[in-house]
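>>> Show me the folded form of this:
(one chain, ligands or ions: 1)
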Amino acid sequence: MTLARAQPFAFRFDLAHAALVIIDMQRDFIEPGGFGQTLGNDVRRLEAIVPACRAVLAAWRQAGALVVHTREAHRPDLSDCPPAKRGRGAPTLRIGDPGPMGRILVAGEPGNQIIPALAPLAGEVVLDKPGKGAFYATPLQALLHERGISHLLFMGVTTEVCVQTSMREANDRGYDALLLEDCTESYFPAFKAATLEMIRAQGAIVGWTAPSAALLAELA
Ligand code: C5J
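You can find the predicted model right below:
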């Protein structure tokens with residue numbers, strides 16, 4: 001397949017060697033009444049990408065290609081949460097504290113589940129990641145290697161944090177990675193815009209970006 005409208009130049013991939021990686025579309029970041037909102041963020045910005053993500057996921061599933069979902073999640077005893085991560089800043093709620101949808105960023109809690117609109121199907125890969133990047137302390141690289149995957153198409157939240165970190169990790173591991181522009185969002189519009197530019201700068205120094213319509217047209 002060729003996404004001719006990708007930036008900074010066309011992105012070519014073979015579906016059999018490609019995976020759709022959906023970063024952290026979990027209730028606490030996206031739904032009103034969750035952790036993201038308690039921090040004062042306008043979660044409607046993130047909710048707005050759900051229909052585009054859903055359309056891509058449906059078409060990708062129809063094509064029979066690999067889907068990987070991630071969640072930013074820690075063990076209930078927080079043994080995988082470095083004190084530096086838990087202690088950073090002065091938030092009203094810290095990782096592990098009880099929040100409106102259960103303990104913040106703790107595996108198994110209601111707020112840690114992927115939103116129903118993008119719920120994983122049986123057999124799809126779901127990875128809990130303790131860091132911002134999807135490769136750190138997860139079996140992602142081994143799993144992609146076993147399946148012969150060389151190209152990754154990303155969507156999810158937030159653009160400049162877990163999505164960008166995961167794309168940089170992927171880039172350093174030799175994957176060609178593309179971010180679907182309308183399937184990612186930030187609580188801060190300027191950060192999203194800057195991240196898209198950073199990714200495709202200097203001849204795709206991190207990777208590519210493209211509108212989801214370009215992918216949907218190829219998958220149709
Ligand atoms: C993600 C975050 N998923 N912003 N987490 O980006 O803390």
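>>> My read is that Ser150 contacts Leu15, right?
No. At 11.5 Å, Ser150 and Leu15 do not qualify as touching, with contact defined as Cβ atoms under 8 Å. Where you see a C-beta, it was placed from the backbone N, CA and C, and this is true even at glycine.
>>> In PDB, please show the C-alpha coordinates belonging to stretch 68-79.
What follows is stretch 68-79, C-alpha atoms only, in PDB (Å, rounded to 0.1, in the frame of the first residue of the first chain):
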ATOM      1  CA  VAL A  68      -2.100  -3.600  19.200                       C
ATOM      2  CA  HIS A  69      -3.800  -1.600  22.000                       C
ATOM      3  CA  THR A  70      -1.900  -0.100  24.900                       C
ATOM      4  CA  ARG A  71      -2.900   1.300  28.300                       C
ATOM      5  CA  GLU A  72      -0.800   3.300  30.600                       C
ATOM      6  CA  ALA A  73      -1.200   1.100  33.700                       C
ATOM      7  CA  HIS A  74       0.600   0.200  36.800                       C
ATOM      8  CA  ARG A  75       0.400  -2.800  39.100                       C
ATOM      9  CA  PRO A  76      -1.900  -2.300  42.100                       C
ATOM     10  CA  ASP A  77       1.100  -2.400  44.400                       C
ATOM     11  CA  LEU A  78       2.800   0.300  42.300                       C
ATOM     12  CA  SER A  79       6.000  -1.700  42.200                       C
END
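>>> What average pLDDT does that stretch get?
When pLDDT is averaged along stretch 68-79, the result is 98.
>>> same deal with stretch 207-217?
Over the span of stretch 207-217, the pLDDT mean works out to 98.
>>> Could you work out the end-to-end span of that stretch for me?
21 Å (Cα to Cα, to the nearest Å).
>>> now stretch 119-128
Counting by Cα to Cα, you get 14 Å between the two ends of stretch 119-128.
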